[in-house]
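[1] just the structure for this:
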Amino acid sequence: MTLHGSDAVHRRALVLSEVAAEGTTGLKRVLRRAVSGDEDAAALPVASLVRAVRPLTALDTYSLLRYAHIRESDLAGEISAGQRVALVAVIDRIAHLPQVRPPAP
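    Alright, predicted model coming up:
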């Protein structure tokens, strides 16, 4: 991998960590940046961005992507406005649900 390539990998990792730290707010911001010309945000798979939101599980991610008609391989910069709106709408709905914690042992 070239130095330039490792810089891009590092920048994309920073974008994912932003989503992990900020949750749904970070995800929505990154999706907006992806269509506004941020090459690092645009090059990330939407599935990776959604999986970075805690406490979403792999099954949650699959369901959200399916609802928004987004494939696992679709990049954030390639999804349509309709797909983006559908994904953000469903994420907004689940963000308001109370967090369910497993019972203590």
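
[2] run through who's touching the longest helix seen in the chain.
    In the chain, taking DSSP state H as the definition, the longest helix is helix 3-22. Residues from elsewhere that reach helix 3-22 (C-beta atoms under 8 Å, 6 or more residues apart in numbering): 1, 26-27, 29-30, 40-41, 43-44, 48-49, 52-54. Glycine gets a C-beta too; all of them are placed from N, C-alpha and C.

[3] in helices only, show me the residues you listed.
    Those of the contacts of helix 3-22 lying in helices (DSSP H): 26, 27, 29, 30, 40, 41, 48, 49.

[4] per-residue confidence at the residue most central in space within the chain?
    Compute the mean C-alpha point of the chain, and by C-alpha atoms, centre = their mean the closest residue is residue 49, 2.3 Å away. Confidence at residue 49, expressed as pLDDT, is 95.

[5] from what I can see it touches residue 32, true?
    No: checked against C-beta atoms under 8 Å, the pair residue 49 and residue 32 is beyond contact range at 11.9 Å.

[6] count of residues packed around residue 9?
    Using other C-beta atoms under 10 Å, residue 9 has 12 other residues around it.

[7] centre of the chain to the longest helix of the chain, how far?
    Relative to the chain's own centre, helix 3-22 is displaced by 13 Å; criterion: C-alpha atoms, centre = their mean, to the nearest Å.

[8] pLDDT-wise, which helix or strand of this protein ranks last?
    helix 3-22 (a mean of 86; mean pLDDT, DSSP states H and E).

[9] list the buried ones in that one?
    12, 15, 16, 18, 19 (16 or more other C-beta atoms under 10 Å).

[10] correct me, but residue 41 touches residue 77?
    Yes: with contacts counted by C-beta under 8 Å, residue 41 reaches residue 77, the gap being 7.2 Å.

[11] which one's more surrounded, those two?
    Counted by other C-beta under 10 Å, residue 41 and residue 77 do not tie: residue 41 has more neighbours, with 25 against 19.
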